[in-house]
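Participant: Fold the following.
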Amino acid sequence: MTPNLVYVIVIGVLFGAGVSLLLERTLTRILIGVVLIGNGVNVLILMGGAFGTPPIVGDEPVEGMSDPLPQAMILTAIVITLGITAFLLALAYRSWQLLGHDEVQDDAEDTRIIELADRDEVPHADEDDDDLPNPVYDCAPGREAVR
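Facilitator: Here you go, the predicted model:
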């Protein structure tokens, strides 16, 4: 069985558009990207199945029937995509309620680490962590401290 060129192009477009939307910062675009990738997976599974008559025993010989496994896998993938879509839709709605937009914000700690890396500094300990040993500067008895 040779792959159909139309299926290959559709799969490539769905995956390409889905991945580019997943890299966006708004949850609505991420949601659309997940849906596009899910549909691309469904077409990819559909392309892998053998074509033939419906898999109903008694109507046609067994050799001419299509394989029902890809159809069952597509149904399972649809259900999984629906669950992920509902979850992301709930996240986007909640973000819209709380913040008035659905853009994913940078984490404050990630921003601080990036700024320290740009300045080539080591983060200092917090005031409440003074009693905890620092593994970089403290050492076990009888060993030299690594600086």
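Participant: what helix or strand does L31 sit in?
Facilitator: Assigned by DSSP states H and E, L31 belongs to helix 27-48.
Participant: which is the next helix or strand following that helix?
Facilitator: helix 68-99.
Participant: That next one - contacts with which helices or strands?
Facilitator: helix 27-48 (3 or more CB pairs under 8 Å, 6 or more residues apart in numbering; DSSP states H and E). Every residue, glycine included, has its C-beta placed from N, CA and C.
Participant: Which residues does the helix it packs on contact?
Facilitator: 3-4, 7-8, 10-11, 14-15, 17-24, 70, 73-74, 77-78, 80-81, 84-85, 88-89, 91-92, 95, 102-104 (CB atoms under 8 Å, 6 or more residues apart in numbering).
Participant: Restrict those residues to the buried ones and give me that as a PyMOL selection.
Facilitator: Buried residues among the contacts of helix 27-48 (16 or more other CB atoms under 10 Å), as a PyMOL selection:
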select buried, resi 10+11+14+15+18+21+70+73+74+77+81+88+92+95+102
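Participant: How many neighbouring residues does E115 have?
Facilitator: 10 (other CB atoms under 10 Å).
Participant: State the distance from it to E103.
Facilitator: Distance, E115 to E103, using CB to CB, to the nearest Å: 21 Å.
Participant: Also R29?
Facilitator: Counting by CB to CB, the gap from R29 to E103 is 10 Å.
Participant: Then I114?
Facilitator: Separation of I114 from E103 (CB to CB) stands at 18 Å.
Participant: ok, back up a step: could you figure out how far the helix holding L31 is turned away from helix 68-99?
Facilitator: Counting by axes from the mean of the first three to the mean of the last three CA atoms, to 10 degrees, helix 27-48 lies at 180 degrees to helix 68-99.
Participant: Let's test this: mean pLDDT of helix 27-48, rounded?
Facilitator: Helix 27-48 carries an average pLDDT of 91.
Participant: for E115, what are its contacts?
Facilitator: Per CB under 8 Å, 6+ apart, neighbours of E115: none.
Participant: Tell me how far stretch 26-46 lies from the chain's centre.
Facilitator: When C-alpha coordinates are averaged (CA atoms, centre = their mean, to the nearest Å), stretch 26-46 and its chain have centres 10 Å apart.
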